[in-house]
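Enquirer: Build me a model:
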Amino acid sequence: MDRIGYFGDKMKKILAFSILLALPLFAEVKVAVFGGLWPMPVILSFLTDAQIVYMPKASVNAAKYSVVAELKPEFLEIPYGSNENIEELLGLDVDVYMCHIADMKLYTQLQRANKEVISFPVNVENYNLKKALQVWLEGVGKYFDIALKQKEILEDITQTEEFIAKRTQDSQAKVMILKSLNHNQIALGGRDYLIEKSGGENVFKSSNDGLVNLEAIYKFDPDVIFITNFTDTQEKDLLQSKEWQRLKAVKEKRVHKLPLATYRPYAPSLDIAPTLLFMAKKTYPSLFEDISLEDIFKKHFLKFYGIPLTQKQVELILKPDFRAGII
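Expert: This next block holds a predicted model:
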């Protein structure tokens, strides 16, 4: 073999090896999601071709009683559980484990067993949902080619924030997020991001969720109340309650259940942008009179997931089944 042929073959081998190194770590990635990382399975389902072999039980109800059950019926066939132990997790046929940053014990045990494991935080920059989603997608991007989709989704959120800020710059309604209501135990959402980025002022001045009594709610006297999907409480439960009748938001019937698309939007989800527009329109109907929430969600699903929603599916997103809030 001449020198040119020799070096030519050698360069081909080096190039082939370089391409091999550039490929994803696993050809077909098997993922187990456990612990408190409830939104992650559906993020993987909508953005990647991951083979999810296990997920938290708390992830299931949100999917079972939402549009996810129709769009991703295979999602409901994934094995699930709670209170996992290390033996159970090690027994799974998995390429990578994903968990909440609070699941430190199991995370450490998996690392000691030389397993591929990655943890994700929820509290990023004082529960900034966009920043948290960015961190999550960057972590997922280590195993799946989602760089372009990540960029598009985050840019869409930023553009939505700016659009809402421009329209609401001279307005600031008092807004409250009711996270859950269990008899007389009232939990409010203390995370400012959703309220502030939809143009409102959070009446509950706390960086964390917290329990309050009805007397405190009356002192807040919010203009608008949003109810999360982490509870089966519906608008009618407040509107028909004698105890809540003197609140301004209740008297004016400005109580709204948050939409439920791919996952509960109070947590990091792929649907931050349309959720912000939902809240902005409900808070300032006259300022966003030209915005159709039905069209917003239809365009969102078609652009980012390639899914054309039916009218019935859009209605399910905007009027969630109360059972999706049962954790």
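Enquirer: Report the residue ranges of every domain in the protein.
Expert: 1-120, 153-325 (automatic domain parsing).
Enquirer: Please identify the most buried of those domains.
Expert: domain 153-325 (a mean of 18; mean count of other C-beta atoms under 10 Å). Bear in mind the C-beta positions are built from the backbone N, C-alpha and C, glycine included.
Enquirer: average pLDDT for that domain?
Expert: Average pLDDT, domain 153-325: 95.
Enquirer: what's next to stretch 136-151, contact-wise?
Expert: For stretch 136-151, contacts defined as C-beta atoms under 8 Å, 6 or more residues apart in numbering pick out 24-26, 29, 31, 40, 43-44, 47-50, 95-96, 98, 118, 120, 134, 153-154, 268, 304.
Enquirer: ok, now with 10 Å
Expert: 24-26, 29, 31, 37, 39-40, 43-44, 46-50, 95-96, 98, 116, 118-122, 124, 133-134, 152-154, 268-270, 304-305 (C-beta atoms under 10 Å, 6 or more residues apart in numbering).
Enquirer: how far away is the closest residue to K64 other than its chain neighbours from Q109?
Expert: Among residues not flanking K64 along the chain, L76 sits closest, at 6.1 Å (C-beta to C-beta, 6 or more residues apart in numbering). Using C-beta to C-beta, to the nearest Å, L76 is found at 29 Å from Q109.
Enquirer: which element is K303 on?
Expert: If you go by DSSP states H and E, K303 is part of helix 293-305.
Enquirer: just how off-centre is that helix within its chain?
Expert: Here the centre of helix 293-305 is set off from its chain's centre by 16 Å, with C-alpha atoms, centre = their mean, to the nearest Å.
Enquirer: So which of the contacts of stretch 136-151 sit within strands?
Expert: Using DSSP state E, the members of those that fall in strands are V31, V96, M98, I118, S119, F120.
Enquirer: Of all pairs in those, which one is the farthest apart?
Expert: V31 and S119 (13.6 Å; C-beta to C-beta).
Enquirer: list residues touching both of these two?
Expert: Y97, M98.
Enquirer: Quick check, L258 in contact with L194.
Expert: Yes - in this structure, L258 is within contact of L194 by C-beta atoms under 10 Å, at 8.4 Å.
Enquirer: what sits in contact with each of the two?
Expert: With C-beta under 10 Å, 6+ apart as the test, L258 and L194 both reach I177, F226, T228, P265, Y266, T275, F278, M279.
Enquirer: Please name the nearest non-neighbouring residue to the first one.
Expert: Right, the one you point to is I177. G189 (3.4 Å).
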